[in-house]
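1. What follows is a predicted protein model with its sequence.
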Amino acid sequence: LQERSWLSPWMLPKTANSILRAIGIVAFANSPLSGLFILAGMFVGNLNVGWACLLAGVIGVIFAKLLNQPEDLLGDGVVVFNGILVACISVAVFPSLSGHQVDVAFWGVLAVMLVVTAYIDKGLNALMAPSKLPALSIPFNIAAALLLLSLRGSAGMTGTHTPEEASISSEDSEGNGTLILSDGNGTLTELDGNVTEVDWLKVMEGSVLAAGQIYGVGTIDSSILVLLGFLVFSPLLTTFFLLGGIIGSVLGAVVSVAPYGEVYAGLWGYNAMLTAGGIVYFLHVTPSSTLAAVVGATLAALTQAASLHVFSAMTVPVLSYPFNVATLLILAISTVPNPPLLWVGNKTFP
Amino acid sequence: LQERSWLSPWMLPKTANSILRAIGIVAFANSPLSGLFILAGMFVGNLNVGWACLLAGVIGVIFAKLLNQPEDLLGDGVVVFNGILVACISVAVFPSLSGHQVDVAFWGVLAVMLVVTAYIDKGLNALMAPSKLPALSIPFNIAAALLLLSLRGSAGMTGTHTPEEASISSEDSEGNGTLILSDGNGTLTELDGNVTEVDWLKVMEGSVLAAGQIYGVGTIDSSILVLLGFLVFSPLLTTFFLLGGIIGSVLGAVVSVAPYGEVYAGLWGYNAMLTAGGIVYFLHVTPSSTLAAVVGATLAALTQAASLHVFSAMTVPVLSYPFNVATLLILAISTVPNPPLLWVGNKTFP
Amino acid sequence: LQERSWLSPWMLPKTANSILRAIGIVAFANSPLSGLFILAGMFVGNLNVGWACLLAGVIGVIFAKLLNQPEDLLGDGVVVFNGILVACISVAVFPSLSGHQVDVAFWGVLAVMLVVTAYIDKGLNALMAPSKLPALSIPFNIAAALLLLSLRGSAGMTGTHTPEEASISSEDSEGNGTLILSDGNGTLTELDGNVTEVDWLKVMEGSVLAAGQIYGVGTIDSSILVLLGFLVFSPLLTTFFLLGGIIGSVLGAVVSVAPYGEVYAGLWGYNAMLTAGGIVYFLHVTPSSTLAAVVGATLAALTQAASLHVFSAMTVPVLSYPFNVATLLILAISTVPNPPLLWVGNKTFP
C-alpha cells in the first residue's frame, strides 16, 4: 500500500489506513483493525468525539504531506495521532470546562488548532531527534493545554481558581463521558454523602474504564471495544495495559480523598496504563523490564498526584502529561551503554 | 571596524556600534542606524528606559569581554541584547508592579542583575549549542522574571495573588508606558464602563503600538520611530512584523474579554510580531515559510492566552516568552533532513 | 576496595563505603570520613533523619546493582546520594507539612519512593549524558517534590493555598529541625512582634546553619559537625561554601520581609552555599572562576527568591532546585570552545 502514489485513486484507502493506524498508535496498537474497533468505541461513547477524530485525521494527513513528513511515518499514523488526541480530548472536556455546548465556533477554533498541532508535532520531533527517544504524545499535551487555556480566557476566567466547584461527576451521570467537571455540587457528591470507604470493586471497574479514557470516552461499552482493539493487536500488551491500569487506580485511591469519583471513572488509571504498555512496547520483555513497567506505572500515578494541584488550579485536566514524563525517564535508561533494559529493534507482537 | 583593537581610541566607537546593533537585533534589525532610531524612540517614550538601555549596553560589553565572547558576536550585538531588554522592560514595568518609583536602590539591583544576565546568556547559549537553534531572548525572560519576582518578595507580596486589582490602564492614561497595571479600579475601566464591543480601529492601532512594546515603550511616537528603524533595515521584514502584529492583536481581541485595554495598547501584538518576523529572518521567504510565519504568529498568540493565567497569578507580565516558544518550535522544523523550510545561510535583506 | 567482588564478605564494607561517600558527595566531599562526620551530625540533629539516611543508602546500593550502574560511580556514591537526600529531607519536612508524625505508613511510602528515585536517577543521567554536564541533585528534587505533593493530596489539600499559616518557626523551637512550617501564629512571630530590623549577627549564624540544612538538620551542633566533615575533605572548598552561605543569607535578608526566621535558620544560605562550592569543585580555581562562584551564588539566591512564590503556593519547600539551576548555567559556560573557565580533569583537593 505504501508504494502507491498519493495522486491516484489509492488516496482514499491510504488516508483511511493512516487515520485508523493513527487511532491505534495512540496506545501503541499499530494496526488498522485495532483502530476500527477503537473508532467504533468512540462513536458508541460520544458521537462528537468520533466526528472530531475523523476531522483531525483528515487535517493531519493533509498537513503531514505539506510538511514533507516521511512516507513510512505517515503510513504508520505516527505523525497524525497527536492531532487526533487533541480533537478527541478537547471535544470531550470542553463542554464541562466552559459550561458551553460544542458549537460551530468551537469546531472552527479546533480546526485552526489542528493545523498548529501539525507544526508543533514536526518541531518537537526535530528538537528531540538527538536524544533518540520518541516524542510520544507531548505535542498533544502542549496543543490541548494551549487550546483549553485560551478558551478559558474568553469564558471570562483569569488567574488561579480555587477549584471549589471542581467535583468530578461519575461516568453514569450522563452516559457520555467522564472527564466532566460538574458545576456546583454534583449529584454524585450528594449521593455518596459521607461515604469515605473505598469501594475496591469500583476501583477495578475504573481500571477497565481507563482504556476508554485514553480517547476521552469513559463508558463501559466503549472501554470494552477499545480493549478488544488492543487485544486484536497483542494480548501481551493488553495484559500490561491492564496491569498498569490497576496500579494507577489503586494508587489513585490511596492518595486521593473521598469521594473517589475520579478513581472509579478511570481517570487515575489511564496514565499508568499507557506507561506500563509503552515500556513493554519499546523494550524487550524480561523480568527487569517488567519491574521497570511496574516502577513506571507507579511513577506515572505519583506524577499525576503531584501535578494535579497545579493543573486543578488552572482548571485544566492533567491530560497524558504524567504518562509522557514517566515513560521518557524509564526509556532513557535503555540509551546508556551496557543498559539493564534492551530496546526492541523489530516490533512484532504475540 | 571589527579588526581594530579594544585597547585603543577605537574603543568608544566599537562600544557604540555594539550597543546600537544590540538594540536593533532584539527585533532582528542588525544595523546601527536601526538601533539609533529605536533608541530615539525609547527616549521619546520614557526617559528612564533610554538611560537603562545605555547602562545595560555598557555593562553588557564589559562582561562580554570578560567572558571571552567571540568578537564577531560582540560586534553584531548578539551577546548584549538580552541585558538591554532586561533593563528596558524592568524599568518600564517596575513602578506599576511594585507601586514604587524607580530609585537608587533599583538602579543598584538592576546593575547586579545585568552582570548575572551576562552569565545566564553565556550558559544558556552553551546549553543550546548542540541543537543549532538560536537562544533568542530566553536569557532575558529568565533574568527579568527573576528580577521582578525577587523584588516582589521585598514588597511584601507572597504566594499567588488573585489579580483583582490587575486591570490594565490604557496607553493614554499617563503617556509614559502601557505595561502599567493600575491599582484598584483604574479610570479606564470606569470610562469604558459597560462597553463590551471590540473597537477594531483601536485593535489596528494596537498592532502598530506593538512595535514600541517590544522595548517597553508604548506611545504612538515611539512606535513609529521603532518601525522607521525596522524599515531602514528591511522593508520585507517590516511587512511581516506588521502582519504578525495584526494576527496577534486580532486573536487577542477574540480570546480576551472587555475592556480590551491590553489589546489596544499593543500588548497582544508584540509576541506574534516578533515570531512572524523571526521566522522570515531565519528562513528563506517562500510560500511555505509564509504559511509557517502565520502559523507561528497564531501559536504565539495562543501561548500568550494560555500562559497569561499562570503569569497573572504571579503578577508578572508574560514578557516575550510566547515568542520564544513559538519561534523555536517552528525553526526546529527546518533542522530535520529534507525539510519543508530552508534555513538562510547568508543574511542580506532587501 | 573497588576490585573486590560483591558476592563475598567484602559486601558489607563496600556498602558502607558507598553510603558514606554518598553522604559526603551531596556537598562534593567525596570521602568516607566526611560522610561519617555528617552522619553523626544527622543523628545529633534528628534521629529519624539519620535512620532514613541509612535506609536510603541500603535501598540505593541494591537498586544500583539491579540497574547495572557502573562500578566506579557506585564506589564513589554518585548513584546513591539522590536517594539519601530524598529520605533525609522528606523525613525532616513531612511532619510540619502534613501535621502528622512520621509513622509506619510513611516509612513504607518512602521505601517505594526510594526505588522510584533510583530509576529517575538512572533515566535523567542518560537524558543529560549528551550535554556532558552532571545531573547534580535534580533527581532528588523531582522525587522529593513528587512525594510531598502526593502525600499532600491524601491529607485533603487541593489546589493552591494562600500560605497564611506558613510562618517559619525558628530552629530553637523544638530543637529537631528548622524546615518546620509552624501552624498558625508560631511563638517566634509573637516574640519578634514588630521587630523589623535585620539582626546581622543572626544572619551570619544562618550562614553556618545552612551547612546543616543541606541535610535537613538545622541545629548548630549538627551544622558544625557537617562543616567539620567538609573541612576534613578540603579546606578550600569549605571556604567557598561559607562564602556562598554568606552571600545567600545576606541576599535573603535583603529580599525577604520581617520576621527573618527563614534567613536566621539557614534556609536562604544552603542553595548559594552549594552553588559556590559546586562551581569551584568542577572548575579550576582562578580569579574568573571565583567571580563565577560569586555570580552563581547570587543567581541561586535570586532564583530562590523568585521561585519561592510558586513553591509556597503549593506548600512545598524549594528544596535544592535553585542550586541546580544556578550551577548548571554557570558550568555550561565551560563547555564552549575557548572557555573563560576551565574544567578540572583530575579532582584532588588541598
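-> Here it is on my side, so go on. Numbers count the residues shown, from 1 in each chain, chains lettered A, B, ... in the order given.
2. for the stretch 201-350 of chain A, what spans make up the helices?
-> Taking DSSP state H, counting those that start in this stretch as the test, the helices found in the stretch 201-350 of chain A are A:220-233, A:235-255, A:261-264, A:269-282, A:287-313, A:321-333.
3. okay, now A:Phe63: neighbour count?
-> A:Phe63 has 23 neighbouring residues, counting by other CB atoms under 10 Å in any protein chain shown. For every residue, glycine as well, the C-beta is placed using N, CA and C.
4. Am I right that it falls within a helix?
-> Yes - checked against DSSP: H, G, I helix; E, B strand; the rest coil, A:Phe63 lies within a helix.
5. so where's the stretch 101-250 of chain A shaky on pLDDT?
-> In the prediction, the stretch 101-250 of chain A carries residues with pLDDT under 70 at positions A:101, A:130-131, A:152-197.
6. can you pull out the strands in it?
-> Assigned strands in the stretch 101-250 of chain A: none (criterion: DSSP state E, counting those that start in this stretch).
7. Report the distance from stretch A:47-57 to the chain centre.
-> Relative to the centre of its chain, stretch A:47-57 is centred 15 Å away, using CA atoms, centre = their mean, to the nearest Å.
8. looking only at pLDDT, what's the mean for that stretch?
-> Mean per-residue pLDDT for stretch A:47-57: 86.
9. For that stretch, which residues meet the burial criterion?
-> Burial within stretch A:47-57, assessed by neighbour count using 16 or more other CB atoms under 10 Å in any protein chain shown, is assigned to A:Asn48, A:Val49, A:Gly50, A:Trp51, A:Ala52, A:Cys53, A:Leu54, A:Leu55, A:Ala56, A:Gly57.
10. I'd like the helices of the stretch 201-350 of chain A as JSON lines, with distance to C:Glu71 appended.
-> JSON lines is the format used below for the helices of the stretch 201-350 of chain A (distance: least, CB to CB, whole Å):
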{"stretch": "helix A:220-233", "distance to C:Glu71": "41"}
{"stretch": "helix A:235-255", "distance to C:Glu71": "32"}
{"stretch": "helix A:261-264", "distance to C:Glu71": "43"}
{"stretch": "helix A:269-282", "distance to C:Glu71": "26"}
{"stretch": "helix A:287-313", "distance to C:Glu71": "18"}
{"stretch": "helix A:321-333", "distance to C:Glu71": "17"}
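11. Please identify the most buried of the ones you listed.
-> Among the helices of the stretch 201-350 of chain A, helix A:269-282 has the highest mean neighbour count (mean count of other CB atoms under 10 Å in any protein chain shown), at a mean of 30.
12. Also compute the angle for it relative to helix A:287-313, please.
-> With axes from the mean of the first three to the mean of the last three CA atoms, to 10 degrees applied, the angle from helix A:269-282 to helix A:287-313 works out at 150 degrees.
13. ok, is helix A:269-282 in contact with chain C or not?
-> No - Helix A:269-282 lies apart from chain C when judged by CB under 8 Å from any CB of the partner chain; the minimum separation is 10.7 Å.
14. Which strands and helices lie in contact with that helix?
-> Where contact means 3 or more CB pairs under 8 Å, 6 or more residues apart in numbering or on different chains; DSSP states H and E, helix A:269-282 is packed against helix A:200-213, helix A:235-255, helix A:287-313, helix A:321-333.
15. isn't A:Ile220 right next to A:Leu209, touching?
-> Yes - using CB atoms under 8 Å, A:Ile220 is in contact with A:Leu209, at 6.6 Å.
16. what residues are up against the residue lying closest to A:Phe282 once chain neighbours are set aside?
-> Excluding the flanking residues, the one nearest A:Phe282 by CB to CB, 6 or more residues apart in numbering or on different chains is A:Leu331, at 5.7 Å. By CB atoms under 8 Å, 6 or more residues apart in numbering or on different chains, the contact set of A:Leu331 is A:Leu133, A:Pro134, A:Gly278, A:Ile279, A:Phe282, A:Leu283, C:Gly123.
17. so what pLDDT did A:Asn17 get?
-> 81.
18. surely it meets A:Val80?
-> No - applying CB under 8 Å, one finds A:Asn17 not in contact with A:Val80, separated by 10.8 Å.
19. With neighbour numbers in mind, choose between the two.
-> Taking neighbours as other CB under 10 Å, A:Asn17 and A:Val80 compare with A:Val80 leading, 30 against 19.
20. pLDDT score assigned to the more buried one?
-> If you check A:Val80, the pLDDT there is 82.
21. likewise A:Val257?
-> 67.
22. likewise A:Trp6?
-> On pLDDT, A:Trp6 comes in at 62.
23. re earlier: and of the helices and strands packed on helix A:269-282, who's closest to A:Val226?
-> helix A:200-213 (4.6 Å; CB to CB).
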